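In: test case, fold it:
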Amino acid sequence: MDLQHFLCWRIAPLLLLLPCGFQCMSVHIVNEEPVHVIPGSILVLKARIEHGPLEQICMVTWEREPETGFNPEKVTLGMCSGRGLKCTGMRPTGRVTLEEQGATLKIAGYTVADGGVYAVTITDQTGAKVTGHCIVREYEAVNHVSVSINVSHSSLVCGEAWGTDPHFSWLHERAAITKSVGNVSLDGKTLFVSTRPICGHFTCMVKNKLGYSTATYTAAPCEMEDKGTTVAVVCLVIVLLLGGVLAFLLWRRHRYSGRGERLHEHFDDNI
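Out: This next block holds a predicted model:
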């Protein structure tokens, strides 16, 4: 065993015995990133703050900066400091509030200008700092839905420009897709058509929380299979019904007319 490995094995147990300092303090934003917010609603960001027994959180600060740009300028949204971490919002409009000793940030009336990279920084009694980040963007409606065909694979592909969290579904002749028409991929974007050739109207519907948009691919009209046979069968049934009714009427007429002749003959014999 060389000297480097020997020192590592000897020093590592000693580090475990040291009191927990800066390495034990951590903070991160628990919201799933990126966070998409509908304009006009409330943005809520929650942070998980952890620290060791010998550490004391003296300040919690929330900041925001643009997601892109060469010289992004940070804006302080609010901070909590002092004994008990008393919180104050830095924005004069009063839209920003801090709760749970700075662990929760709320911004009312979200606008496009509120998007960007949010940072929460905690500071202990020694001045040591750690920061957690989260990207916040506007929740956008679905836009520019289109349908294209892949002839070689007998499939239709649905595309959408930039909507947030789009969900795809398909219709054929305004009805839900069945196994006889085709199969839809797991993400809903592709329809593998079973019918040959591809015919009729195929509509892709894309929707999210703000609404929906559609696009339609129109192929040649579908020929009704066995249409002539169906018409012939219907006509035959009608003819048979009419023939049966006519035969019944003729039989009934003949029956009653024969009975009348026999009665007349019997009356003549008696005279």
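In: from here on, just use CA atoms for contacts and neighbour counts.
Out: OK.
In: and the most centrally placed residue in the chain, how far from L246?
Out: What sits nearest the mean C-alpha location of the chain, by CA atoms, centre = their mean, is H167, with 4.0 Å. Distance, H167 to L246, by CA to CA, to the nearest Å: 61 Å.
In: quick one: classify the nearest residue to S185 once chain neighbours are set aside as helix, strand or coil.
Out: The shortest distance from S185 to any non-neighbouring residue, by CA to CA, 6 or more residues apart in numbering, is to L191 (6.4 Å). Of the three states, L191 takes strand according to DSSP: H, G, I helix; E, B strand; the rest coil.
In: just for this structure, where's the confidence low?
Out: 1-23, 90-93, 224-235, 237, 239, 245, 248-249, 251-271 (pLDDT under 70).
In: 50 instead, please
Out: 1, 3-22, 225-226, 263-267 (pLDDT under 50).
In: now the helices for it?
Out: Taking DSSP state H as the criterion, the chain carries its helices at 3-17, 227-270.
In: so what's the closest residue to G82 other than its chain neighbours up against?
Out: Excluding its sequence neighbours, the residue lying closest to G82 (CA to CA, 6+ apart) is C58, at 6.1 Å. Going by CA atoms under 8 Å, 6 or more residues apart in numbering, C58 touches 81-83, 85, 122-125.
In: Y212: which of those is nearest?
Out: Among those, I122 lies closest to Y212 (CA to CA), at 42.0 Å.
In: do I have it right that the closest one meets Q101?
Out: No - counting by CA atoms under 8 Å, I122 sits too far from Q101 to count as a contact (11.1 Å).
In: anything in contact with each of these two?
Out: By CA under 8 Å, 6+ apart, the residues touching both I122 and Q101 are V60.
In: ok, these two, which is more surrounded?
Out: More crowded of I122 and Q101, by other CA atoms under 10 Å: I122, with 27 against 16.
In: bridge partners for the closest residue to the more buried one other than its chain neighbours, pull those for me.
Out: Distances taken as CA to CA, 6+ apart place V60 nearest to I122, at 4.6 Å, with adjacent residues excluded. For V60, the beta-bridge partners are C80, I122 (DSSP bridges).
In: would you enumerate the residues in contact with Y212?
Out: Y212 neighbours (CA under 8 Å, 6+ apart): 141-142, 205-206.
In: for the residues you listed, which one is nearest V30?
Out: A141 (25.1 Å).
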